[in-house]
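**Q** I'd like to go over a predicted model; first the sequence, then the structure.
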Amino acid sequence: MKTQLLFFMLFLNINFGSYSQNKIKKNKAETKDYIIWTTYRKLNWQDFKSKEKRKNIGVAQTGASIEIKPFRNKNKKYDYKVLSKFYKNKSWTQTKSLSILKHEQLHFDIAELYARKMRKEIALVKSDRKIVKESDYRRIHRKFFKEYLAFQNKYDLETEYSLSTKIQKKWEGFILVELEKLADYTLKI
């Protein structure tokens, strides 16, 4: 049994002319297409809606991304939110195994961990300069997204794609601690 994570690259949309299409609505953590990571919403097998099942790459696949999206803040100025998303139609399963589901959930949790690292870095830039430029967002994304991909790969290799239950449990504890360390950078939805 092998799982593989499907990654999506960041689409840093700076086109304010199409702002209305990219506006993030308050309290909109889930649509028919995606789930934004929250502390209260865990994945279930019904979330894995893709009909495409690729041969020889395991029994489940998680479509996760870290995106930076523009929005208008309370002062009517444009700002950006870093979102970790799970794409339902890019995720599939051939199993109902709870241990595989926990493995896939942790892939999504790792996306949130790296989204928080990005949010922290953005907050540091804002505190230093009061403004974050488009080039800052791109630089921060490049830095952390590269680490994110390597970290996801390390997770799969060390857990043997969820087969090593002992190592899987260690990873679950480790990611929980790392998320707690960055709790101040949790997205408020």
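**A** Right, received. Where do you want to start? None of the values given here were measured: they were computed from a predicted structure.

**Q** so what's the nearest residue to residue 123 once chain neighbours are set aside up against?
**A** Once flanking residues are discounted, residue 123 sits nearest to residue 185: 7.1 Å by CB to CB, 6 or more residues apart in numbering. In short, each C-beta sits where N, CA and C put it, glycine included. Listed by CB atoms under 8 Å, 6 or more residues apart in numbering, the contact set of residue 185 reads 116-117, 119-120, 123.

**Q** just the buried members of those residues?
**A** For those, a burial check counting by 16 or more other CB atoms under 10 Å picks out 116-117, 119-120.

**Q** tell me which strands the longest strand anywhere in the chain pairs with, and in which orientation.
**A** Longest strand in the chain, counting residues (DSSP state E): strand 60-72. Sheet pairing of strand 60-72 (DSSP bridges) gives strand 3-8 (parallel), strand 78-87 (antiparallel), strand 92-93 (antiparallel).

**Q** and those strands, which one is worst for confidence?
**A** Out of the strands paired with strand 60-72, strand 3-8 stands lowest, with a mean of 39 (criterion: mean pLDDT).

**Q** so which elements touch the host helix or strand of residue 171?
**A** Assessed by DSSP states H and E, residue 171 sits inside helix 165-181. With contacts taken as 3 or more CB pairs under 8 Å, 6 or more residues apart in numbering; DSSP states H and E, helix 165-181 sits against helix 98-129, helix 134-158.

**Q** deepest in the core, which of the ones you listed is it.
**A** Neighbour counts (mean count of other CB atoms under 10 Å) averaged over each of the helices and strands packed on helix 165-181 peak at helix 98-129, with a mean of 19.

**Q** all set now, cheers.
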